[in-house]
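>>> Next comes the sequence, and after it the predicted model I'd like to discuss.
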Amino acid sequence: DTLYPGGPFDPLGLADDPDTFAELKVKEIKNGRLAMFACFGFFVQAIVTGKGPIQNLEDHLADPGVNNAFASATKFVPQA
């Protein structure tokens, strides 16, 4: 497969067995999709709270009972 280099880019020999290689490709695609969904969560969080992810984390760690997803969802009013 030309999209998966192998050779010198596979120093651990993980792609030697074709069945294992196919399984690893599927796992990598699933991992990428999960990462994209997590980034989407950061975008939604920024839209809802108006703050970046680091500030939201700091606020939550300072007072987890008040600064959580449920509290933000109940206060959210969409603006035009």
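Okay, I see it.
>>> contacting residues for Pro11?
For Pro11, the contact set (Cβ atoms under 8 Å, 6 or more residues apart in numbering) is empty. C-beta: built from backbone N, CA, C; applies to glycine.
>>> hey, which helix is longest across this structure?
Using DSSP state H, we find that the single longest helix of the chain is helix 18-49.
>>> and the helix or strand following that one, what other elements does it pack with?
Downstream of helix 18-49, the next assigned helix or strand under DSSP states H and E is helix 53-62. Where contact means 3 or more Cβ pairs under 8 Å, 6 or more residues apart in numbering; DSSP states H and E, helix 53-62 is packed against helix 18-49.
>>> Tell me the buried residues in the helix it packs on?
Under the neighbour-count criterion of 16 or more other Cβ atoms under 10 Å, helix 18-49 has 45, 49 buried.
>>> Who are the packing partners of that helix?
Using 3+ Cβ pairs under 8 Å, 6+ apart, helix 18-49 sits against helix 53-62, helix 69-75.
>>> and with 6 Å instead?
Packing partners of helix 18-49 (3 or more Cβ pairs under 6 Å, 6 or more residues apart in numbering; DSSP states H and E): helix 53-62.
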